[in-house]
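K.L.:
what would the 3D arrangement of this be:
(chains A and B)
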Amino acid sequence: MNVLARLQAAFRSALDGLVDSPSTYLEMIRPSQDPKFGDYQANLAMPLKSVLGGNPRDIAAKIVERLDVSALCDPPEIAGPGFINLRLRDEVIVEMLRTALRDERLGIAPVAEPKTVIVDFSSPNVAKPMHVGHIRSTVIGDSLSRILRFLGHRVITDNHLGDWGTQFGMIIYGFKHLRDESAYAAAPVAELGRLYRQVRAIMDYRAAVRELPKAEAEAKQLAAAAATAAALAAAAQGPEAKKAAGDAKRAARRSEEAAEQLASLREKIAKTEASPAASALAAQHADIERAVLDETAALHAGDAENRRLWEEFLPYCREDIQRIYERLAIRFDEELGESFYHPWLGETVDDLTKRGLVRDSDGAACVFLDGFDSPMIVRKRDGAYLYATTDLATIRYRVSTWNPDLCLYVVDHRQSEHFAKLFAAAKVWGFEKLELRHVSFGTVMGDDGRPFKTRSGDTVGLEGLLDEAVTRARAVVDENLKKNADLEFDETERQRIAETVGIGALKYADLSQNRSSDYVFSYDKMLALKGNTAPYLLYPYARVNGIFARGEVDAEALRRGDRAMAFVAPEERRLALLLLQFENVLLDVTVDWLPNLLAAYLYEVTTAFSQFYERCSVLDAPDETSRTTRLALCDLLRRTVRTGLDLLGIGVVERM
RNA sequence: GUCCCGGUAGCUCAGCCGGAUAGAGCAGCUGACUUCUAAUCAGCAGGUCACAGGUUCGAAUCCUGUCCGGGAUGCCA
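P.N.:
Numbers count the residues shown, from 1 in each chain, chains lettered A, B, ... in the order given. Below is the predicted model of the structure:
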């Protein structure tokens, strides 16, 4: 049992008979932020004032009187308005350290009541290359799955692939009209990618031409509005002036955005028209939008030819994304894409209808839900189904197959309304016992504060992103080795370190951020050697390995041994306390599904280690007890870091 | 229009289910490598936690309003 749980148990008996539901108060016991307030503090006397009456210091005194923590702590102290400060006895810390040291799982017991959890994440569209937008869902979902599994839950990870949408209509259309037979025979994946981009380019061009007049008119109108607003602002006096200036600024910005939008449209058009071949292509395929939709509809309707092509293309498309997953070390238990649910969409709507949940509105089948202005449309006027329908069918399938307690959807925040409706609909459909959670996250931004794009305005491919991270990591490795003459790394090892550090840095940059906020992408920041970065966390791990190697320490014997241990420096004690909080941190992560809490913890623990390392010589410790204690801290540190990083989906390097 | 999310140091961000003097990193300044890897450490400086009210013994954290930014908003996913 971890420290906190033991303290809580002691307080639970102290509160017995005093309050009805002690749980809320037990959560008010937490690590102190300042050592002078002890190791842990209980903040429950103040809020108990409204329950028990009297003044909080007296309440605290009463609780302390009933409290028996003598096996764990020095006598508790009451401070300030009624804080109860607890200082753990060194022998207790040492004993718990020993328990963790001996245990494969660092003393962390599996949860008493395991749940079945489905984690739905990544879910790229297989017809197009993965891009930067997929990184967050993939990395956050993978980490949450690993943490849940480590804690002892039954976890099913599912990649709900987009393998049935319009993008396949595009590829099929491209294949029928634009394919290069020999290129397809030689390298099908590349050729399909080219076809997708080709069709996309034609469609984009045609859309740009169509939208141009409207965009021109809008830009013109907004420019005029901005000019008017600027004039008004210049003329305004007194209290009106500030407001007018604000209006002018906003109008100017809107005008600027419209101008950019217009410029981007013109650029697309110019790009196509600059090439006679591209222009001719665009002219030849004047009806491309409708034709693509027709190909998609034919696929869905069971057209034999399109179905055959789809089956032929699918493995190639999956191959492309599989390569990325392998590099990221991401695996799924299931990859049931949209196509898997296609056969059941009709009966899903029928079942909803049978239960009286569906109403016709303008020819569309709609589920109207309390608290929402607009309904959830489950079948379009033209008879086609939507992702809402697929998502409902998916819930039903998952319940009948795995009977989960909880289902997490790791999907970006823009879809929060969709999920709010989906969850509400699932509830009225009869799945009220199943807990559904949208684990949402923000956008990856460029350093200009806008969604991360290449200089030419395209989305950034994920593969290129990985390559760049590794290349830059390699530069850091080489740079560092120049400074350390006594370290020798051959080419293979350098490259392997670069791969681990680069990919790890990319993942860590994402996971160390609170998922709900947008985050600014920066190679320089993620690969920085100091601060909350992957390289900083990996370093202590390698350092400890260095100590064990140089001292020829037998780690197994250390773990099993029973030599005396004791603290002489505050850095040792602080590091030990932090190491013992690992379990609580993992449990905290699963309260609001925040992997950044684990990242922050690992940063804190490695920072504490760096301070310890600076201050306390391990191999040349003053005596045997100190040496054993310090080696134990080192070993626990490296295993905690390795486990913690593994739970974030990040690998370690033995030396760097 | 309605709904959702955000506004914390020059920059990037933690902290937000109320707790003791608001924390990191970067950038700036000062120190520390004959010592287990300096991919490090120690220190200085830097903040009306957007604004105004409210609840509370106590508010960056909860409530209300205002301003600013982003997003969503019936037949795409």
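K.L.:
rest of the way, CA atoms for contacts and neighbours
P.N.:
Noted.
K.L.:
strands along the stretch 351-500 of chain A, start to end?
P.N.:
A:358-361, A:364-367, A:376-379, A:406-410, A:435-439, A:444-445 (DSSP state E, counting those that start in this stretch).
K.L.:
report the separation between the closest residue to A:L636 other than its chain neighbours and A:E552.
P.N.:
Distances taken as C-alpha to C-alpha, 6 or more residues apart in numbering place A:L101 nearest to A:L636, at 6.3 Å, with adjacent residues excluded. Applying C-alpha to C-alpha, to the nearest Å, the value for A:L101 to A:E552 is 19 Å.
K.L.:
in chain A, where is pLDDT below threshold?
P.N.:
A:238-239, A:242 (pLDDT under 70).
K.L.:
and it, what are its domain boundaries?
P.N.:
Here the domain parsing of chain A from automatic domain parsing is A:3-88, A:167-311.
K.L.:
got TSV for those domains, with distance to RNA strand B too?
P.N.:
Below are these laid out as TSV (distance: least, C-alpha to the nearest atom of the strand, whole Å):
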stretch	distance to RNA strand B
domain A:3-88	4
domain A:167-311	5
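K.L.:
okay, A:L101 and A:E552: which has more neighbours?
P.N.:
A:L101 (22 against 10; other C-alpha atoms under 10 Å).
K.L.:
would you agree that one falls within a helix?
P.N.:
Yes - per DSSP: H, G, I helix; E, B strand; the rest coil, A:L101 lies within a helix segment.
K.L.:
got a list of what it touches?
P.N.:
A:G107, A:R559, A:R560, A:A632, A:D635, A:L636 (C-alpha atoms under 8 Å, 6 or more residues apart in numbering).
K.L.:
dihedrals phi and psi, A:A304?
P.N.:
phi -60, psi -50 (degrees, to the nearest 10).
K.L.:
residue contacts, it?
P.N.:
Contacts of A:A304 (C-alpha under 8 Å, 6+ apart): none.
K.L.:
try 10 Å
P.N.:
Residues in contact with A:A304 (C-alpha atoms under 10 Å, 6 or more residues apart in numbering) are A:A298, A:W310.
K.L.:
how about the one 10 residues further on?
P.N.:
Going by C-alpha under 10 Å, 6+ apart, A:L314 touches A:V126, A:A127, A:D163, A:W164, A:F168, A:V189.
K.L.:
and it, which of the three is it?
P.N.:
Going by three-state DSSP: A:L314 is helix.
K.L.:
doesn't A:P595 make contact with A:S143?
P.N.:
Yes - A:S143 lies in contact with A:P595 (C-alpha atoms under 10 Å); the separation is 7.0 Å.
K.L.:
look at these two and report which has more neighbours.
P.N.:
A:P595 (27 against 24).
K.L.:
what segments of the stretch 501-650 of chain A are helices?
P.N.:
A:523-526, A:534-550, A:555-560, A:570-579, A:582-592, A:596-615, A:624-647 (DSSP state H, counting those that start in this stretch).
K.L.:
hey, C-alpha coordinates of the second one in PDB?
P.N.:
What it means is helix A:534-550. These are the backbone C-alpha positions of helix A:534-550, laid out as PDB (Å, rounded to 0.1, in the frame of the first residue of the first chain):
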ATOM      1  CA  ALA A 534      12.500  14.000 -23.400                       C
ATOM      2  CA  PRO A 535      16.300  14.400 -23.500                       C
ATOM      3  CA  TYR A 536      16.300  15.800 -20.000                       C
ATOM      4  CA  LEU A 537      14.300  12.800 -18.700                       C
ATOM      5  CA  LEU A 538      16.500  10.300 -20.600                       C
ATOM      6  CA  TYR A 539      19.700  11.600 -19.300                       C
ATOM      7  CA  PRO A 540      19.400  10.500 -15.600                       C
ATOM      8  CA  TYR A 541      18.500   7.000 -16.800                       C
ATOM      9  CA  ALA A 542      21.800   6.900 -18.700                       C
ATOM     10  CA  ARG A 543      23.700   8.400 -15.900                       C
ATOM     11  CA  VAL A 544      22.500   5.800 -13.400                       C
ATOM     12  CA  ASN A 545      23.500   3.100 -15.900                       C
ATOM     13  CA  GLY A 546      26.900   4.700 -15.900                       C
ATOM     14  CA  ILE A 547      27.200   4.500 -12.200                       C
ATOM     15  CA  PHE A 548      26.200   0.900 -12.000                       C
ATOM     16  CA  ALA A 549      28.600   0.000 -14.800                       C
ATOM     17  CA  ARG A 550      31.600   1.900 -13.400                       C
END
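K.L.:
okay, buried residues for that helix please.
P.N.:
A:534-545, A:547-548 (16 or more other C-alpha atoms under 10 Å).
K.L.:
just the angle between it and helix A:624-647, please?
P.N.:
If you take axes from the mean of the first three to the mean of the last three C-alpha atoms, to 10 degrees, helix A:534-550 sits at 140 degrees to helix A:624-647.
K.L.:
element containing the closest residue in space to A:G649 that isn't next to it in sequence?
P.N.:
Among residues not flanking A:G649 along the chain, A:S143 sits closest, at 5.8 Å (C-alpha to C-alpha, 6+ apart). Using DSSP states H and E, A:S143 sits in helix A:135-150.
K.L.:
which helices and strands does that helix pack with?
P.N.:
Contacts defined by 3 or more C-alpha pairs under 10 Å, 6 or more residues apart in numbering; DSSP states H and E place helix A:135-150 against strand A:116-120, strand A:154-158, helix A:304-328, strand A:406-410, strand A:435-439, helix A:491-511, helix A:582-592, helix A:624-647.
K.L.:
and the angle from that helix to strand A:435-439?
P.N.:
Using the same axes, to 10 degrees: helix A:135-150 against strand A:435-439 is 140 degrees.
K.L.:
does any part of helix A:135-150 sit near RNA strand B?
P.N.:
No - counting by C-alpha under 7 Å from any atom of the strand, RNA strand B has no neighbours in helix A:135-150; the shortest distance is 13.2 Å.
K.L.:
same deal with stretch A:646-656?
P.N.:
Yes - for stretch A:646-656, a contact with RNA strand B is found by C-alpha under 7 Å from any atom of the strand, at A:E654, A:R655, A:M656.
K.L.:
so which of the contacts of A:L314 belong to helices?
P.N.:
Residues of the contacts of A:L314 located in helices (DSSP state H): A:F168, A:V189.
K.L.:
put the alpha carbons of stretch A:96-115 into PDB.
P.N.:
What follows is stretch A:96-115, C-alpha atoms only, in PDB (Å, rounded to 0.1, in the frame of the first residue of the first chain):
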ATOM      1  CA  MET A  96       8.700   1.400   1.600                       C
ATOM      2  CA  LEU A  97      11.700   2.000  -0.600                       C
ATOM      3  CA  ARG A  98      12.800  -1.500   0.100                       C
ATOM      4  CA  THR A  99       9.400  -2.900  -0.800                       C
ATOM      5  CA  ALA A 100       9.400  -1.000  -4.100                       C
ATOM      6  CA  LEU A 101      13.000  -2.100  -4.800                       C
ATOM      7  CA  ARG A 102      12.200  -5.700  -4.500                       C
ATOM      8  CA  ASP A 103       9.000  -5.600  -6.600                       C
ATOM      9  CA  GLU A 104       8.900  -6.000 -10.400                       C
ATOM     10  CA  ARG A 105       6.000  -3.400 -10.400                       C
ATOM     11  CA  LEU A 106       7.800  -1.000  -8.100                       C
ATOM     12  CA  GLY A 107       5.300  -1.800  -5.300                       C
ATOM     13  CA  ILE A 108       2.300  -0.800  -7.300                       C
ATOM     14  CA  ALA A 109      -0.600  -3.200  -6.900                       C
ATOM     15  CA  PRO A 110      -3.200  -3.700  -9.600                       C
ATOM     16  CA  VAL A 111      -6.500  -2.000  -8.900                       C
ATOM     17  CA  ALA A 112      -8.900  -3.900  -6.800                       C
ATOM     18  CA  GLU A 113     -11.800  -3.500  -9.200                       C
ATOM     19  CA  PRO A 114     -10.500  -3.800 -12.800                       C
ATOM     20  CA  LYS A 115     -12.800  -2.200 -15.500                       C
END
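K.L.:
quick check: buried residues in stretch A:465-480?
P.N.:
Buried residues in stretch A:465-480, defined by neighbour count with 16+ other C-alpha under 10 Å: A:L465, A:L466, A:A469, A:V470, A:T471, A:R472, A:A473, A:R474, A:V476, A:V477.
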